[in-house]
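Asker: What shape does this take:
(one chain, ligands or ions: 1)
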Amino acid sequence: MAARINYSVQNTLCLLNPLNYPVNAKTTHFKTGLNFSKNLIFPRKLKRPTFCTCAVSNNDRQSSEAAETFVLTTPLYYVNAPPHMGSAYTTIAADAIARFQRLLGKKVIFVTGTDEHGEKIAAAAAAAGSTPSQHCDVISQAYKTLWKDLEISHDKFIRTTDPKHEGIVKEFYSRVLDKGDIYRADYEGLYCVNCEEYKDEKELLDNNCCPMHLKPCIERKEDNYFFALSKYQKQLEENLRQNPNFVQPPFRTNEVQSWIKSGLKDFSISRASVDWGIPVPNDNKQTIYVWFDALLGYISALSAEKEQPDLQTAVSSGWPASLHLIGKDILRFHAVYWPAMLMSAGLDLPKKVFGHGFLTKDGMKMGKSLGNTLEPNELVHNFGSDAVRYFFLREVEFGSDGDYSEERFINIVNAHLANTIGNLLNRTLGLLKKNCQSTLVVDSAVAAEGNALKDAIEKLVEKARIHYENLSLSSACEAVLEIGNAGNAYMDENAPWTRFKQGGAASEAAAKDLVVILEAMRIVAIALSPVAPSFCWRIYEQLGYSKDHFNTVTWSGTKWGGLKGGQVMAQPKPVFARIENKTELEDEAATRKPVKSKQKKPQAQVAAEG
Ligand code: MSP
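Answerer: Numbers count the residues shown, from 1 in each chain. Next up, the predicted model:
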């Protein structure tokens, strides 16, 4: 660790050394030839500019053995079609939570992956003229590529066709069988292939249509193996009583309670008519039901790469999960079926299941089956991953549904990322460059003495932390944005550009004001990094820090006082390219010009600051 920090400091020094000298302990006393504004008085002690060489606070970062482990999962996505924005949404949210938990110093195991068996997948492969296995390779790769483009920092990507997973599913099945919870019976009912579930007639629309997929369910009669879910009714009720936070947001608990209360029916866990699946142990004519297979992916993902497929070793690598993040449509599987399966196998239950809402288009759930999807690749390509991540996490209250509109998307990211944060940073660095040779005149702790902005920001950071902890991601973004708003108000009230012109004490005060605002920006860069990591890195870089420093920073770094007097900032350059409105974009696309960065400022202000 020490070696890594030294290396990073060296890099930072190299980067910031205006003469580009190789920097080492002996050569740090270079002359810079800086020409400070005549009115600006540096503290006497400070003979030359210094650079940020502070090691990252180790308070939050515990050694990996001592650190608390936080295991979180996204659903394993069906590979019947490439990912759409609805599937990307869960993963973006999970990534923000994973990054926040890492900032707290926890050892995070972030699991995602693909659900590759079953009738729906086999049909999609046939329609595409491929074998199921080729089809799964292509689509699961599309998920991996999208996750990379969206900067998803998962630790594990499990595919349910992975042999290690298959071994674990069979072992789990055998445990449940030994417990006496699996029996064979005939079943007749209405089946929705898209949900991969038998439906109760009561929940169907006219013509036996599934309310989610708006397609008729099929009459089906099969000789299947059943899981004795009904046996676990009391235990499931007891779990909810003892763990009132098990299902989140709280309003979804009522839904789960009422499913359980209305009486649980055993469900079939094998299919006689589906070949593309894991064979039932001791009965090769049947395959294991996709859900009884895929849910186990949360455990098999934990086993180490080259480990023998073994349920117990996988469990001891991190189970139980701290958090399953899912969409509300698959809550029953996660909050009723899965806990009962785990109880039967004698394994611990996950600590929390959070069911978020849907992204809708024209009020309908966006989905592959309805074909009303939004292309995440296109969004990322056009607007960048930070904009996509920020928009969906800020705009959709996590837990509720949210509608997408391009106009709103552009307005929000321009207003928040380009203007409130990006522009403020750019203006401040511009003033610092012009008046202070891009160098901070005092420590931010000193600059903020008796300053109400510091107190306000400390409160906002704490608010953001609590919101992140509670998975209120939109509110966390809002609290961080408030820091930007407070910084802008402070800038406008104090008008440092005017005070620099006055010289003397006014100029000194103006130089301190810039330190205060930049400290606020530093705090924003840490506090918003779970949501918009690259954007925040660009802010951090502008403040003169190295990438290693950014990568090892922790939440305790949001405490006021990180910037030090003498620290040299980078040359101001926009951290977020403003998105032009739709018509401009279309014009540009027609002439094949790239989207340009325009940091707009009111004319009067440009004149005043200049
Ligand atoms: N394969 C199962 C999950 C098995 S987990 C062991 C599955 N896959 S899915 O691809 O259909 O859906 C995956 C997730 O994407 C679900 O949480 C679902 O809610 C989410 N979304 C799919 N469309 C969505 C929206 N339009 N909006 C938000 N999330 C949505 O179910």
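Asker: quick one: low-confidence ranges for the stretch 251-400 of the chain?
Answerer: Across the stretch 251-400 of the chain, the ranges flagged by pLDDT under 70 are 307, 362, 368-369.
Asker: What about whatever residue of it ends up closest to the ligand? Give its phi and psi, please.
Answerer: At 1.7 Å from the ligand, residue 327 is the closest residue in the stretch 251-400 of the chain, using C-beta to the nearest ligand atom. (Each C-beta comes from the backbone N, C-alpha and C, glycine too.) Main-chain dihedrals, residue 327, degrees, to the nearest 10: phi -80, psi 160.
Asker: do you know how far it is from residue 118?
Answerer: Applying C-beta to C-beta, to the nearest Å, the value for residue 327 to residue 118 is 18 Å.
Asker: Among these two, which residue is more densely surrounded?
Answerer: With neighbours defined as other C-beta atoms under 10 Å, residue 327 and residue 118 compare such that residue 118 has more, 27 against 20.
Asker: Contact partners for the closest residue to that one other than its chain neighbours?
Answerer: Nearest residue to residue 118 in three dimensions, chain neighbours excluded: residue 290, at 3.8 Å (C-beta to C-beta, 6 or more residues apart in numbering). Residues near residue 290 by C-beta atoms under 8 Å, 6 or more residues apart in numbering: 115, 117-118, 196, 277.
Asker: before we move on, what about residue 232?
Answerer: Residues counted as contacts of residue 232 (C-beta under 8 Å, 6+ apart) are 264, 339-340, 343-344.
Asker: Next, find the distance separating it from residue 267.
Answerer: Distance from residue 232 to residue 267, counting by C-beta to C-beta: 12 Å.
Asker: re earlier: out of the contacts of residue 290, who's near the ligand?
Answerer: With C-beta under 6 Å from any ligand atom as the criterion, the contacts of residue 290 include residue 115 near the ligand.
Asker: Least confident of the contacts of residue 290?
Answerer: Among those, residue 196 carries the weakest pLDDT, at 76.
Asker: Touching, it and residue 122? I think so.
Answerer: No: between residue 196 and residue 122 there is no contact under C-beta atoms under 8 Å: 11.6 Å.
Asker: what about the two, which has more around it?
Answerer: The neighbour count for residue 196 versus residue 122, taken as other C-beta under 10 Å, is higher for residue 196 (21 against 18).
Asker: give the contact list for that one.
Answerer: Counting by C-beta under 8 Å, 6+ apart, residue 196 makes contact with 118-120, 289-291.
Asker: Just send those residues back as JSON lines, with secondary structure too.
Answerer: As requested, the contacts of residue 196 are arranged in JSON lines below (DSSP: H, G, I helix; E, B strand; the rest coil):
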{"residue": "118", "secondary structure": "coil"}
{"residue": "119", "secondary structure": "helix"}
{"residue": "120", "secondary structure": "helix"}
{"residue": "289", "secondary structure": "coil"}
{"residue": "290", "secondary structure": "helix"}
{"residue": "291", "secondary structure": "helix"}
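Asker: out of the residues you listed, who's nearest residue 93?
Answerer: residue 291 (22.1 Å; C-beta to C-beta).
Asker: doesn't residue 334 make contact with that closest one?
Answerer: No: using C-beta under 8 Å as the test, residue 291 is too far from residue 334 to be in contact (9.8 Å).
Asker: separation between residue 311 and residue 401?
Answerer: Taking C-beta to C-beta, one finds residue 311 at 37 Å from residue 401.
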